[in-house]
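Engineer: sequence first, then the predicted structure:
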Amino acid sequence: MVTIYTDGSSRGNPGPGGFGVVMISGPHRKEISQGYRKTTNNRMELLSVIVGLEALKRMDEAVTVVSDSKYVVDAVEKGWVFGWAKKNFQGKKNADLWIRFLAIYARHQVRFRWVKGHNNHVENEYCDMLAVTAATGGGLLVDEGFESGRYN
């Protein structure tokens, strides 16, 4: 069993943004973060989940994703994203990331757990720190999906 804690941040919405991921499996821990020069909070929340799932080494892994993003958790747990996919994401923001999410989601046994953000949840707070540090640091990447204007 792998637990993936995720968070996204945007300093302005849109603005510089970043994500933070902490993956835990038994005694193993992996941290991932990255910043982008212009993006949105929702894109970073979703990208954090995608990057965490893509970092798994084995297929068909049992995974719990812990996130403070109602946008991401509800879209999956309430099935909205699957309806959006059937309609080719017409009129939906972040279609590029949702398509990428669905590709990796299908390869694992994923369940989501929502936690309230900024509520002293240790790993969520740590992911927030990773995300903010990435968003405000150097080496910011270009969020092609956002900056192209195609998916926002």
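Structural biologist: Good, I have the coordinates. Numbers count the residues shown, from 1 in each chain.

Engineer: off-centre distance for stretch 39-57?
Structural biologist: Centre-to-centre, stretch 39-57 and its host chain are 3 Å apart (Cα atoms, centre = their mean, to the nearest Å).

Engineer: what about the residue lying farthest from the centre of the chain, distance to Gln109?
Structural biologist: Most distant from the centre of the chain: Pro27, at 23.2 Å, with distances by Cα atoms, centre = their mean. In this view, Pro27 and Gln109 are 22 Å apart by Cβ to Cβ, to the nearest Å. (C-beta placed from N, C-alpha, C; glycine too.)

Engineer: skipping adjacent residues, who's closest to Arg31 in space?
Structural biologist: Careful, residue 31 is Glu and not Arg. The shortest distance from Glu31 to any non-neighbouring residue, by Cβ to Cβ, 6 or more residues apart in numbering, is to Val22 (5.5 Å).

Engineer: ok, the one you found - how many residues close by?
Structural biologist: 23 (other Cβ atoms under 10 Å).

Engineer: from here on, count from 506
Structural biologist: Noted, 506 is the first residue going forward, which turns the last one into Val527.

Engineer: which SS state does it fall under?
Structural biologist: Here Val527 is recorded as strand under DSSP: H, G, I helix; E, B strand; the rest coil.

Engineer: quick check, it in contact with Cys632.
Structural biologist: Yes. Using Cβ atoms under 8 Å, Val527 makes contact with Cys632 at a distance of 5.7 Å.

Engineer: which neighbours do those two have in common?
Structural biologist: Common neighbours of Val527 and Cys632 are listed as Tyr510 (criterion: Cβ atoms under 8 Å, 6 or more residues apart in numbering).
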